[in-house]
Each structure stands twice: as structure tokens, then as C-alpha cells.
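> fold the following, please.
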Amino acid sequence: MTINDPTRTIAEFLERFTSALGISVSVNVEDTADGPRLNLAGEDAELLVRHRGEPLKALQHVVDMAEQHG
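Model (predicted):
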């Protein structure tokens, strides 16, 4: 799979963002019929789904905003 530049940029942003939060994850890109899906994996990834998934929702919002203003 070839990762296009916008997807690569988002994956790199996610890696930097989660690292800044002190969360160690790897970002894997999966091509789907709906477009690219970025999966976060690693021992610390579970931190994003705690508290009813609020940290993950916040991260999704940040990525959406970065993508719109990028």
C-alpha cells in the first residue's frame, strides 16, 4: 500500500501528538472502501479509550481540525 502525502502527514502528526502526551503508540494505515483508516496500536493505546472514550474523541477532533486547517 502506498500512503499518500495527506495520510502520511496525518499519521506523522498522530505520532508526534501522542508522543507529546506521553503515550507510546504506533500508527498503522489501512486502506478501506471508505478511505484510509488510521489504527493506533501499542500498550498505551488503551489510555485513549478510558472514560467512555473521551480521550479518543478529543484526539479525533484535534485531527479533524488539523486536517481542515492544514
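> C-alpha only now, for contacts and for neighbours.
OK.
> give me the contact list for stretch 26-36.
1, 3, 7, 11, 14-15, 37-42 (C-alpha atoms under 8 Å, 6 or more residues apart in numbering).
> filter the residues you listed down to the ones in helices?
7, 11, 14-15 (DSSP state H).
> go through these and name the one nearest residue 66.
residue 14 (10.4 Å; C-alpha to C-alpha).
> just list the residues touching the residue nearest the centre of the chain, thanks.
Geometric centre of the chain, nearest residue: residue 14, 4.5 Å, by C-alpha atoms, centre = their mean. Residues near residue 14 by C-alpha under 8 Å, 6+ apart: 27, 63.
> 10 Å instead?
By C-alpha atoms under 10 Å, 6 or more residues apart in numbering, residue 14 lies in contact with 8, 20, 25-27, 38, 40, 59-60, 62-63.
> go on, residue 56?
45-50, 62.
> which of these are buried?
Buried subset of these (neighbour count, 16 or more other C-alpha atoms under 10 Å): 45, 48.
> give me the subset of the contacts of residue 56 that lies in helices.
50, 62.
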